[in-house]
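how would this look folded up:
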Amino acid sequence: MTFSIPPLPWSYDALAAKGLSKEQVTYHYDKHHTGYVVKLNAAAETNAELAKKTVEEIIATEKGPIFNLAAQIYNHTFYWNCLTPNGGGEPKGKLLEEINGSFGSFDKFKEVFTAASVGHFGSGWAWLVKDTADNKLKVVQTHDAATPLTDKLKPILTCDVWEHAYYVDYRNDRAAYVKTFWNLVNWEFAEKNL
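Numbering: from 1, shown residues only. Down below sits the predicted model:
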């Protein structure tokens with residue numbers, strides 16, 4: 001199997017009007033996301049068993065650098081789908097009901113998710129997940145390439161808080177980037193993940 005990533009769900013400049021420039025998206029997708037695929041394919045060339053697995057199977061069975069590459073491919077693919085040029089605002093329907101049921105209100109959820117994103121130490125991710133044990137929504141942080149899949153949590157929404165996600169546009173101002181993130185959230189995609 002040759003590993004690949006899907007094209008972005010919108011054009012490179014589609015998010016520029018809401019705060020993520022074409023340069024930022026191009027750098028993030030073409031250099032970082034694509035780079036993980038190139039490195040995983042190189043590893044698969046010398047490991048026939050690895051080449052037979054899907055990204056999700058690698059996440060479930062591998063550790064170390066190979067896990068990191070597969071998890072970053074998964075996390076980034078998920079992240080791109082969490083953004084849309086027509087995004088922002090508040091969710092509707094079942095997702096809003098579940099957010100209210102788990103956090104008390106959308107505003108409280110947004111506060112918790114923002115704190116997890118801005119306050120994450122180092123590189124990683126903030127996630128809205130469904131805990132399959134109690135069927136509640138929760139906000140979790142994962143470090144580096146870690147993904148909720150390894151903790152039996154169902155990803156609903158994520159914000160990439162590695163500096164490469166925002167450094168071109170926001171330098172080291174993660175809070176400004178997270179503010180922009182809220183204007184881009186693809187609530188339809190998030191609801192489909194319930």
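
pLDDT weak spots in the chain?
Counting by pLDDT under 70, the chain contains low-confidence residues at 1.

hey, which helix is longest across it?
The longest helix of the chain (DSSP state H) is helix 64-81.

leaving out chain neighbours, which residue sits closest to the spatially most central residue of the chain?
Averaging the C-alpha coordinates of the chain gives a centre point, and the residue nearest to it by Cα atoms, centre = their mean is residue 79 (3.1 Å). Sequence neighbours aside, residue 160 is the residue nearest to residue 79 in space, at 4.9 Å (criterion: Cβ to Cβ, 6 or more residues apart in numbering). From N, CA and C alone the C-beta is placed, and that goes for glycine too.

phi and psi next, for the one you found.
Dihedral pair for residue 160: phi -80, psi 120, per degrees, to the nearest 10.

and stretch 72-86, C-alpha only, in CSV?
C-alpha atoms of stretch 72-86 as CSV (Å, rounded to 0.1, in the frame of the first residue of the first chain):
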residue,chain,number,x,y,z
GLN,A,72,0.1,12.8,12.3
ILE,A,73,-1.4,11.8,9.0
TYR,A,74,-4.7,10.9,10.7
ASN,A,75,-4.7,14.0,12.9
HIS,A,76,-4.0,16.4,10.1
THR,A,77,-6.6,14.9,7.7
PHE,A,78,-9.2,15.1,10.5
TYR,A,79,-8.1,18.7,11.2
TRP,A,80,-8.5,20.0,7.7
ASN,A,81,-12.1,18.6,7.6
CYS,A,82,-12.8,20.5,10.9
LEU,A,83,-12.3,23.8,9.0
THR,A,84,-14.4,25.4,6.3
PRO,A,85,-14.6,28.9,4.8
ASN,A,86,-18.3,29.0,5.7
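
where's that stretch relative to the chain centroid, distance-wise?
Centre-to-centre, stretch 72-86 and its host chain are 5 Å apart (Cα atoms, centre = their mean, to the nearest Å).

and the residue nearest to residue 79, bridged to which residues?
In this structure, residue 160 has the following beta-bridge partners (DSSP bridges): residue 125.

isn't it up against residue 77?
No. In this structure, residue 160 is not within contact of residue 77 by Cβ atoms under 8 Å, at 11.3 Å.

neighbour-wise, which of the two wins?
Neighbour tally, residue 160 and residue 77, criterion other Cβ atoms under 10 Å: the higher count belongs to residue 160, 26 against 16.

great, nothing more from me.
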